[in-house]
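# Give me coordinates for this.
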Amino acid sequence: MKDDISFEDKLKNAKEILEKLSDPSITLKNAMKEYKKGVSILNEATKMIEDAKLEYEKLQINEE
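Here you go, the predicted structure:
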């Protein structure tokens, strides 16, 4: 995934992957491929949250 994708779009992509993984007809190979993609997307989204939290904390410190 690219960094220019918004947090909300990353969550949307993760939900789409979850739907694919919920399909009982998915093959093991495709399930593993989608799972790896999903983990990557969620890691990127988590990083975005952590970065936003750090930025917020810096703003709070500067206001004090």
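
# in the helix or strand encompassing residue 42, what's buried?
Taking DSSP states H and E as the definition, one finds residue 42 inside helix 28-63. Counting neighbours by 16 or more other C-beta atoms under 10 Å, one finds that the buried residues in helix 28-63 are 34, 37, 38, 41, 44, 45. Every C-beta, even on glycine, is put in place using the N, C-alpha and C of the backbone.

# helices and strands around that helix, which ones?
Applying 3 or more C-beta pairs under 8 Å, 6 or more residues apart in numbering; DSSP states H and E, one finds that helix 28-63 contacts helix 7-22.

# which residues are contacting the helix it packs on?
1, 5, 26, 30-31, 34-35, 37-38, 41-42, 44-45, 48-49 (C-beta atoms under 8 Å, 6 or more residues apart in numbering).

# Give the buried residues for it.
By neighbour count with 16+ other C-beta under 10 Å, helix 7-22 contains the buried residues 10, 13, 14, 17, 20.

# Can you give me the separation between the last one and residue 44?
Residue 20 sits 18 Å away from residue 44, taking C-beta to C-beta, to the nearest Å as the criterion.

# same check, this time on the first one
Residue 10 sits at a distance of 6 Å from residue 44 (criterion: C-beta to C-beta).

# Also the fourth one?
Applying C-beta to C-beta, the value for residue 17 to residue 44 is 13 Å.

# Need the residue closest to the centroid of the chain.
residue 42 (2.8 Å; C-alpha atoms, centre = their mean).

# which residues touch it?
Neighbouring residues of residue 42 by C-beta under 8 Å, 6+ apart: 10, 14.
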